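A.B. asks: Structural data only, the sequence is not supplied:
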């Protein structure tokens, strides 16, 4: 997990956010998967998910999202579910204000499940790229806040 620097075709520095997080959940994988499939409840679990348009947790679905981290900006993006293998794997491509890929793997553990989220993301528009170049720790904070707060809210409200 960390930030990496790269460059685009014009030689501009791009900040990339690499994430590898593991969350322990007190339910078996089948129950965790069941909760994840209730996409109609996502906004009630996550109030920072200001807009969300999704029908199902299924391959080839495209979700439209607007996220408001505790910072003075919003992030609009689409999540294309490239691969969905119940009850263990979701692999997705992200486009919009944030671009990249993410993968969620669920495994059984002695006292429930482990959810592992791996993502490789970077700002997808000029404004966010500029902000990330000059204030990478602030952008990282917003990213981490959404992931960690989202995990806590999911455990408290969904499982």
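C.D. replies: Great, that's in hand. Predicted, not measured: the structure shown is a model, and the values here were computed from it.
A.B. asks: could you list every residue that touches residue 149?
C.D. replies: By Cβ atoms under 8 Å, 6 or more residues apart in numbering, the contact set of residue 149 is residue 48. The C-beta positions use only the backbone N, C-alpha and C, and glycine is treated the same way.
A.B. asks: Okay, and it sits in which element?
C.D. replies: Here residue 149, judged by DSSP states H and E, is contained in helix 136-157.
A.B. asks: Can you tell me the SS state at residue 128?
C.D. replies: helix (DSSP: H, G, I helix; E, B strand; the rest coil).
A.B. asks: What's the local residue count around it?
C.D. replies: 18 (other Cβ atoms under 10 Å).
A.B. asks: pLDDT score for it?
C.D. replies: At residue 128, the pLDDT value in this model is 88.
A.B. asks: Leaving out chain neighbours, which residue sits closest to it?
C.D. replies: Of all residues not flanking residue 128 in the chain, residue 97 sits nearest, at 5.7 Å (Cβ to Cβ, 6 or more residues apart in numbering).
A.B. asks: Go ahead and confirm residue 128 touches residue 139.
C.D. replies: Yes: taking contacts as Cβ atoms under 8 Å, residue 128 lies within contact range of residue 139: 7.5 Å.
A.B. asks: can you give me the strands for this structure?
C.D. replies: Secondary structure of the chain (DSSP state E): strands at 2-7, 13-25, 49-53, 62-67, 75-85, 89-96, 98-109, 112-123.
A.B. asks: Residue 148: which of these is closest?
C.D. replies: Comparing the strands of the chain against residue 148 with Cβ to Cβ, the closest turns out to be strand 13-25 (8.0 Å).
A.B. asks: picking up where we left off before, return the mean pLDDT over the helix holding residue 149, rounded to an integer.
C.D. replies: On average, helix 136-157 scores 94.
A.B. asks: Going by neighbour count, which residues in it are buried?
C.D. replies: Burial within helix 136-157, assessed by neighbour count using 16 or more other Cβ atoms under 10 Å, is assigned to 139, 140, 142, 143, 146, 150, 151, 153, 154, 155.
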